[in-house]
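Q: Structure, please.
(one chain, ligands or ions: 1)
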Amino acid sequence: MSGAFRTVWWEEGQVCLIDQRLLPNETRIVRCATVEEVACAIRTMQIRGAPAIGCAAAYGMALAAFSAAHDATGDSARIYACLMEAKALLDAQRPTAVNLSWATRRILERAQRLSDPSPDEVAQRVLEEAHAILAEDLAMCHAIGRHGVALIPPRGHVLTHCNAGGLATAGYGTALAPVRTAHEQGRPIHVYVDETRPFLQGARLTAWELIQERIPLTLITDNMAGYFMKRGDIDCVIVGADRIVANGDVANKIGTYSLAVLARAHRIPFYVAAPSSTIDCSLPNGDAIPIEERSSDEVTMLFGQRIAPEGVIAAHPAFDVTPADLVTAIITECGVIYPPFAGALQRAGMEHH
Ligand code: MRU
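A: Numbers count the residues shown, from 1 in each chain. Sure thing, here's the model as predicted:
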């Protein structure tokens, strides 16, 4: 993978991940020995980003399978029951990113396709499937880079929001994939990084990744985007996605919708980069996407310090929906999809769902 870090991996029967809450100040590895610990890591955002939580959840399913197989009473029926419980637990942690339930369903279906397996065999196959999900995600990100690089205008000034980089995926990233590919090709590139309140994925994570790769960047606060667009400093916007539904509406980190409106007002192309595991054609439009509401403490507190008065009511929808008509194109591993999105999304989504 690109970059000197791995986001999530399996080591000696445990799921390892970088604690993304501590970056960029500390690079600490978290080791999860149970599916409950993986669920907790996902909920508390030690690991985050739609494809990355899908990969972590897949390995969480493997932990559940091995634990059931080692149980003295473990027969394959018991393992299937444990896998279903594990899926329900994992899926409940973060409702908006479809990659999570996509990955756990893929694992469950793999287990259910085995005919008369031993408990150990179920667990082994589940682990193999989790490895496959991780490897495929990495390959999809590289393909997104190859397809997306052609969309970056010659001067290469790209605005991005949140972190849709290596940390949010198995590696290489989605929105950052075309940026990385352009940089690898020696093309000029400069990334305007939205800090992304309230969790600061842009300031803490995207900036960390780009600095590691020596890709030039300027960090801006979220409310500066319009200023830089108006000055002509931004050539295109590229963001990731947590769920893209049948009509092309896109759920992504809160603030993405505002950026898309600003981009339209300034006639700047607005691109969404995502693997087909993020496409959910079972939902007709963005109104049907569940939006995760997180604790208001994440808005009123910053690094343990209160920044708003006691007793204040703060809202915290973690995602918003950008309507398809504000999206210039969607970059997937299968190629670039232009409006109208419906038919092409159906085909791309079917590759994986
Ligand atoms: O709350 P997060 O940090 O998990 O939100 C992440 C995003 O919104 C990303 O843009 C999205 O998951 C795409 S990641 C390749």
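Q: From Arg197, how far out is Cys162?
A: Using CB to CB, to the nearest Å, Cys162 is found at 10 Å from Arg197. Every residue, glycine included, has its C-beta placed from N, CA and C.
Q: So between these two, which is more surrounded?
A: With neighbours defined as other CB atoms under 10 Å, Cys162 and Arg197 compare such that Cys162 has more, 28 against 17.
Q: Could you break the chain into its assigned domains?
A: Using automatic domain parsing, the domain ranges for the chain come out as 8-141, 143-350.
Q: The ligand contacts on this structure?
A: 48-51, 97, 162, 164, 168-169, 174, 201, 240-242, 252-253, 318 (CB under 6 Å from any ligand atom).
Q: among these, which are in strands?
A: Among the residues of the chain next to the ligand, the residues falling in strands (DSSP state E) are 252-253.
Q: In helices, which of the residues of the chain next to the ligand fall?
A: Among the residues of the chain next to the ligand, the residues falling in helices (DSSP state H) are 50-51, 201.
Q: Going through the residues you listed, which ones are buried?
A: 50-51, 201 (16 or more other CB atoms under 10 Å).
Q: Any stretches of this protein with poor pLDDT?
A: Scanning the chain for pLDDT under 70 picks out 1-4, 72-74, 350-353.
Q: Can you tell me, leaving aside adjacent residues, what's nearest to the single nearest residue of the stretch 251-353 of the chain relative to the ligand?
A: Nearest to the ligand in the stretch 251-353 of the chain, going by CB to the nearest ligand atom, is Lys253, at a distance of 3.3 Å. Nearest non-adjacent residue to Lys253, counting by CB to CB, 6 or more residues apart in numbering: Cys162, 3.7 Å away.
Q: How about Ala288?
A: Counting by CB to CB, 6+ apart, the residue nearest Ala288 is Val245, at 6.8 Å.
Q: The stretch 101-250 of the chain: strands as residue ranges?
A: Counting by DSSP state E, counting those that start in this stretch, the segments of the stretch 101-250 of the chain that form strands are 157-160, 190-194, 217-220, 236-239, 243-245, 250-253.
Q: and of these, who's closest to Gln20?
A: Gln20 lies closest to strand 250-253 among the strands of the stretch 101-250 of the chain, at 13.9 Å (CB to CB).
Q: the strands in the stretch 251-353 of the chain, which residues?
A: Using DSSP E, counting those that start in this stretch, strands in the stretch 251-353 of the chain cover 270-273, 279-280, 301-302, 305-306, 319-322, 329-332, 335-337.
Q: Redo these as CSV? Include mean neighbour count and distance to Thr206.
A: Shown next, in CSV, are the strands of the stretch 251-353 of the chain (neighbours: other CB atoms under 10 Å; distance: least, CB to CB, whole Å):
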stretch, mean neighbour count, distance to Thr206
strand 270-273, 26, 13
strand 279-280, 26, 23
strand 301-302, 14, 18
strand 305-306, 9, 23
strand 319-322, 23, 17
strand 329-332, 25, 17
strand 335-337, 19, 22
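Q: so can I have CSV of the ones you listed showing distance to Leu345?
A: Compiled in CSV, the strands of the stretch 251-353 of the chain are given as follows (distance: least, CB to CB, whole Å):
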stretch, distance to Leu345
strand 270-273, 11
strand 279-280, 6
strand 301-302, 38
strand 305-306, 43
strand 319-322, 14
strand 329-332, 7
strand 335-337, 7
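Q: The spatially closest residue to Ala33 that is not a sequence neighbour pairs with what?
A: In space, and not counting its chain neighbours, Ala33 is closest to Gln14: 5.3 Å by CB to CB, 6+ apart. Beta bridges link Gln14 to Glu11 when assigned by DSSP bridges.
Q: Report the contact partners of Gln14.
A: Shown in contact with Gln14 (CB atoms under 8 Å, 6 or more residues apart in numbering): 31-33, 63.
Q: Please repeat the previous calculation with a cut-off of 10 Å.
A: Counting by CB atoms under 10 Å, 6 or more residues apart in numbering, Gln14 touches 30-34, 37-38, 59, 63.
Q: Am I right that Ala123 is in contact with Ala64?
A: Yes. In terms of CB atoms under 10 Å, Ala123 counts as a neighbour of Ala64; the distance is 9.0 Å.
Q: Ile289: neighbouring residues, count only.
A: 21.
Q: Give me the distance between it and Met301.
A: For Ile289, the distance to Met301 equals 27 Å [CB to CB].
Q: same deal with Val327?
A: Distance of Val327 to Met301, given as CB to CB: 34 Å.
Q: what does Ala68 give?
A: Distance, Ala68 to Met301, using CB to CB: 39 Å.
Q: And Leu262, by the same measure?
A: Leu262 is 28 Å from Met301, by CB to CB.
Q: which residues sit in contact with the residue nearest to Val191 when sequence neighbours are not counted?
A: Excluding the flanking residues, the one nearest Val191 by CB to CB, 6+ apart is Leu217, at 4.4 Å. Residues near Leu217 by CB under 10 Å, 6+ apart: 158, 160, 179, 189-193, 202, 206-207, 209-211.
Q: In ChimeraX, how would I select the buried members of the residues you listed?
A: In ChimeraX, a selection of the buried entries from the contacts of Leu217 looks like this (16+ other CB under 10 Å):
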select :158,160,179,189,190,191,192,193,202,206,207,209,210
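Q: Looking at the contacts of Leu217, which is nearest the ligand?
A: Among the contacts of Leu217, Thr160 lies closest to the ligand (CB to the nearest ligand atom), at 8.7 Å.
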